[in-house]
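>>> This is a predicted model, with the sequence first.
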Amino acid sequence: VHIVESGGDAAQPGGPLRLSCSISGFAFSLYGASWYRQAPGKERESVATIDSTGSSSNYVDSVKGRFTISRDNAKNMVYLQMDNLRPEDTAVYFCNMPYYLGHGINFWGQGTQVTVSS
């Protein structure tokens, strides 16, 4: 299993960032994928989930209308387009596949740091 997140950076409030995630070693095209984030001193939370085909997605209320999750099954990639960033979006962002987490395969990548400040 290999999970690699990238694209994190420092950004100004109101600005955009696009995160990318490569997942290998899982049956990628069969299951949904999610982006998570963990801010300093807080627990990791799920912010966006997409189904196996990319036709359906869900978001935590705090990012609805600002973040868009997508996937490319041909490339085993998951993306998170983040627009209108806020300081409270500052966190380390991770991707994973909930199906495997739910079956006890608790493997995580290094994550990618997003820092939003003026």
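Great, that's in hand. Numbering: from 1, shown residues only.
>>> quick one: average confidence on the longest strand seen in the chain?
Identified as the longest strand of the chain according to DSSP state E is strand 17-24. Mean pLDDT, strand 17-24: 97.
>>> And the helices in the chain?
All helices of the chain, identified by DSSP state H, fall at 98-102.
>>> tell me what the worst-scoring helix or strand of it on mean pLDDT is packed against?
Evaluated with mean pLDDT, DSSP states H and E, the helix-and-strand set of the chain has its lowest mean pLDDT in helix 98-102, which scores a mean of 93. Judged by 3 or more CB pairs under 8 Å, 6 or more residues apart in numbering; DSSP states H and E, helix 98-102 is in contact with no other helix or strand. Quick note: C-beta positions are derived from backbone N, CA and C, even for glycine.
>>> what's in contact with it?
Contacts of helix 98-102 from elsewhere in the structure, counted by CB atoms under 8 Å, 6 or more residues apart in numbering, are 26, 30, 31, 32, 33, 34, 46, 49, 107.
>>> Give me the buried entries from those.
Buried subset of those (neighbour count, 16 or more other CB atoms under 10 Å): 26, 32, 33, 34, 46, 49.
>>> and these as JSON lines, adding distance to residue 89?
Output for those, formatted as JSON lines (distance: CB to CB, whole Å):
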{"residue": "26", "distance to residue 89": "27"}
{"residue": "32", "distance to residue 89": "22"}
{"residue": "33", "distance to residue 89": "19"}
{"residue": "34", "distance to residue 89": "16"}
{"residue": "46", "distance to residue 89": "14"}
{"residue": "49", "distance to residue 89": "17"}
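>>> mind listing which of these are in strands?
Secondary structure from DSSP E places 33, 34, 46, 49 of the buried ones among the contacts of helix 98-102 in strands.
>>> ok, which stretches of the protein are strands?
2-6, 10-11, 17-24, 33-38, 45-50, 57-59, 67-72, 77-82, 91-96, 112-116.
>>> Tell me what angle the fourth one forms with strand 45-50.
This points to strand 33-38. Strand 33-38 and strand 45-50 meet at an angle of 160 degrees, taking axes from the mean of the first three to the mean of the last three CA atoms, to 10 degrees as the criterion.
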